[in-house]
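**Student:** Here is a sequence with its predicted model. Questions after.
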Amino acid sequence: MVRRLILVLGDQLSPPERLGSLRDADPGQDVVLMAEVVEEMTYAPHHRQKLVLVLSAMRQHAEALRTAGFEVRYVRHDDPDNSGGLSGELQRAAQALQPDEIWLTRSGEWRLERAFDGLELSLPAPLRRVEDDRYLCDADTFARWATGRRELRMEFFYRDMRRRHGLLMDGAQPAGGRWNFDAENRRRLPRDARAPERVMIAPNAVTQGLIAEIEALVPDGFGDLSAFGWATNAAEAEQLADHFFSDILAGFGDHQDAMALGAPWLWHGRLSAALNLGLLDPLDLCRRAEAEWRAGLAPLNAVEGFIRQILGWREFVRGVYWLKMPAYLETNALGAANRLPDFYWTGETDMACVGAVVAETRAHAYAHHIQRLMVTGNLAMLLGVAPAEINAWYLGVYADAYEWVEAPNTHGMATYADGGLVGSKPYAASGAYINRMSDYCSACAYEVKDRLGDRACPFNSLYWDFLDRNAARLDANPRMALPYKNLARLGEVERQAITARAAQLRQRFGATPLQAEGRVST
């Protein structure tokens, strides 16, 4: 007799005491279901490292649950009886085991929640969905916070979260007298700066087997498998976290926004993939960071910046996602309707910054937040790439990408497709920003200071053309006043030349209208 059949999803790989559906489970009466299904492996053009990461972590988590005494019904993707979808596997297991109840922790993605909505009448036992309380702000609490606000701004949400969780607080006041030290975290990387050596996790036996498996299954898929170094179980994730706090956190703040050739990691943590799988606890990470500052081992700007990314930004984008879906991804505030250039996949471009970021993405399934925002995201926005095109790319190519975190970051922050719900202005920039924050331009075939001419940096004409094309939508935004004042200083002849150059670049890059190809743009 089975009391409960408990479905555990691939991003719910936390210890039983941290997952709502397993917290009071009885190994003697309950059965855990985990399933690798084609639907989840193919709904986005996943980087092959991401496939290895998730499947390896799932298989190891199943073994950890068995070690803890649970019976685990684990269905591999190559099982001939596999239905190909989570709903089908839940129905198949329920029919075979005839449990008294079926439990699952709510999914992180809207599409899965709607799929499970339709299951309740077809299952042979009642379906109970419990909230995922591994996050630090649930959807209902966020909705209450958002009610009545004219704008949703992360900064004010973050301050409330600091107070609620007592992080970096001195009584009722923020530690150091300020809530936010971001202004100190935007320094250009000095020429002689040397980032710390990084611990890369050597693939264990399960991961090695999956690397061979995915290589054979998806031989032409996106992404290199040879440099795999992700944590695939809780012990490996703790190894990465320990390394970050002891060797990296102290330098995390100052150069958080910097970019450099041949330096994909700099002082970034590489913890988000393990965090989003459930292998790390977000509140624990925040408390450990605060402890480093209070012990005098890391400066406040570094610790505050790290905590803001988890306690503030991560929880904020999740709140926005659940507040605004499904209509959120249907918005297209700038009317963008062009296809994504092929070099987002191949890296074959003369733009050194784009080539470097795509190459690192292919090699590591990783790029840090400024590379994503100000290089690939910025360029997609300037080119007028349709939201669905760039959203699918980001969702597929990064190891830490799940729709709840990817969509608001890409659709909102990087491309302004949501019209300012997440970001107060478009993060559009010319080549001057990339030159200031990186050494990419020193190795580029284009001239970063030129607006026009065959060798002028493409970001420059595309930037000014973006402002011109979207003036009716953007010039009333107070944060865009200075860019539009500078645009007004350009003569009409130069503006026409910029428009022509931008059109030429879009054509050359393949950022052409999707409707001309019979494809839908949203």
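**Tutor:** Right, received. Where do you want to start?
**Student:** which SS state does the closest residue to Met154 other than its chain neighbours fall under?
**Tutor:** Excluding its sequence neighbours, the residue lying closest to Met154 (CB to CB, 6 or more residues apart in numbering) is Phe316, at 4.4 Å. Where you see a C-beta, it was placed from the backbone N, CA and C, and this is true even at glycine. Of the three states, Phe316 takes helix under DSSP: H, G, I helix; E, B strand; the rest coil.
**Student:** which is the next helix or strand following the lowest-mean-pLDDT helix or strand in the chain?
**Tutor:** Using mean pLDDT, DSSP states H and E, the weakest-scoring helix or strand in the chain turns out to be helix 110-117, at a mean of 93. As assigned by DSSP states H and E, the chain's next helix or strand after helix 110-117 is strand 127-130.
**Student:** chain center to stretch 260-275: distance?
**Tutor:** Relative to its chain's centre, stretch 260-275 lies at 13 Å (CA atoms, centre = their mean, to the nearest Å).
**Student:** likewise stretch 387-401?
**Tutor:** 8 Å.
**Student:** circling back: next, the buried residues of the least confident helix or strand of the chain.
**Tutor:** Judged by neighbour count (16 or more other CB atoms under 10 Å), helix 110-117 contains these buried residues: Trp110, Leu112, Ala115, Phe116.
**Student:** so how far is Val354 from the nearest residue to Phe466 once chain neighbours are set aside?
**Tutor:** Here the nearest residue to Phe466 in space, its sequence neighbours aside, is Leu382; by CB to CB, 6+ apart that works out to 4.8 Å. Leu382 sits 12 Å away from Val354, going by CB to CB, to the nearest Å.
**Student:** do the same with Glu131
**Tutor:** Distance, Glu131 to Val354, by CB to CB: 41 Å.
**Student:** Over to Met480?
**Tutor:** Met480 is 24 Å from Val354, by CB to CB.
**Student:** Now for Met58: which residues touch it?
**Tutor:** Contact analysis of Met58 by CB atoms under 8 Å, 6 or more residues apart in numbering lists Gly10, Leu13, Met34, Glu36.
**Student:** Can you lay out those as CSV showing secondary structure and neighbour count?
**Tutor:** Formatted as CSV, the contacts of Met58 follow (DSSP: H, G, I helix; E, B strand; the rest coil; neighbours: other CB atoms under 10 Å):
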residue, secondary structure, neighbour count
Gly10, coil, 21
Leu13, coil, 27
Met34, strand, 22
Glu36, coil, 21
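**Student:** tell me the two of those residues that are most distant?
**Tutor:** Across the contacts of Met58, no pair lies farther apart than Leu13 and Glu36, at 13.1 Å, counting by CB to CB.
**Student:** Not counting its neighbours along the chain, what's nearest Ala359?
**Tutor:** Nearest-residue entry for Ala359: Gly347, 4.8 Å, with adjacent residues in sequence omitted and distances by CB to CB, 6+ apart.
**Student:** Buried ones in the longest helix along the chain, by neighbour count?
**Tutor:** Longest helix of the chain, by residue count under DSSP state H: helix 48-67. Residues of helix 48-67 classed as buried: 48-62, 64-65 (neighbour count, 16+ other CB under 10 Å).
**Student:** right, and the secondary structure at Tyr463 would be what?
**Tutor:** helix.
**Student:** so it touches Tyr427, yeah?
**Tutor:** No - in this structure, Tyr463 is not within contact of Tyr427 by CB atoms under 8 Å, at 11.3 Å.
**Student:** Looking at the two, which one has more neighbours?
**Tutor:** Tyr463 (26 against 17; other CB atoms under 10 Å).
**Student:** show me the contacts for that one.
**Tutor:** Contacts of Tyr463 by CB under 8 Å, 6+ apart are Leu382, Ala428, Ala429, Ser430, Gly431.
**Student:** hmm, back to that, of the contacts of Met58, which is the nearest to Lys485?
**Tutor:** Gly10 (49.4 Å).
**Student:** in the stretch 401-522 of the chain, which spans are helices?
**Tutor:** With helices called from DSSP state H, counting those that start in this stretch, the stretch 401-522 of the chain shows them at 403-407, 431-437, 458-469, 471-474, 481-488, 492-509.
**Student:** what does the shortest one rub up against?
**Tutor:** Read that as helix 471-474. Helix 471-474 has contacts (CB under 8 Å, 6+ apart) with Ala333, Leu334, Lys425, Pro426, Leu467, Met480, Tyr484, Leu487.
**Student:** Now rank those by neighbours and give me the top one.
**Tutor:** When neighbours are counted as other CB under 10 Å, the busiest of those turns out to be Pro426, with 27 neighbours.
**Student:** Just want to check the distance between the residue nearest to that residue when sequence neighbours are not counted and Glu17.
**Tutor:** Distance criterion CB to CB, 6+ apart; nearest residue to Pro426, sequence neighbours excluded, is Tyr416 at 4.0 Å. Computed as CB to CB, the Tyr416 to Glu17 distance reads 41 Å.
**Student:** between the two, which one's more packed in?
**Tutor:** Neighbour totals were compared for Tyr416 and Glu17, and Tyr416 leads with 27 against 8 (other CB under 10 Å).
**Student:** Test my guess that that one contacts Tyr427.
**Tutor:** Yes - Tyr416 is in contact with Tyr427 according to CB under 8 Å; the separation is 7.5 Å.
**Student:** what sits in contact with each of these two?
**Tutor:** Contacts common to Tyr416 and Tyr427, judged by CB under 8 Å, 6+ apart, are Met381.
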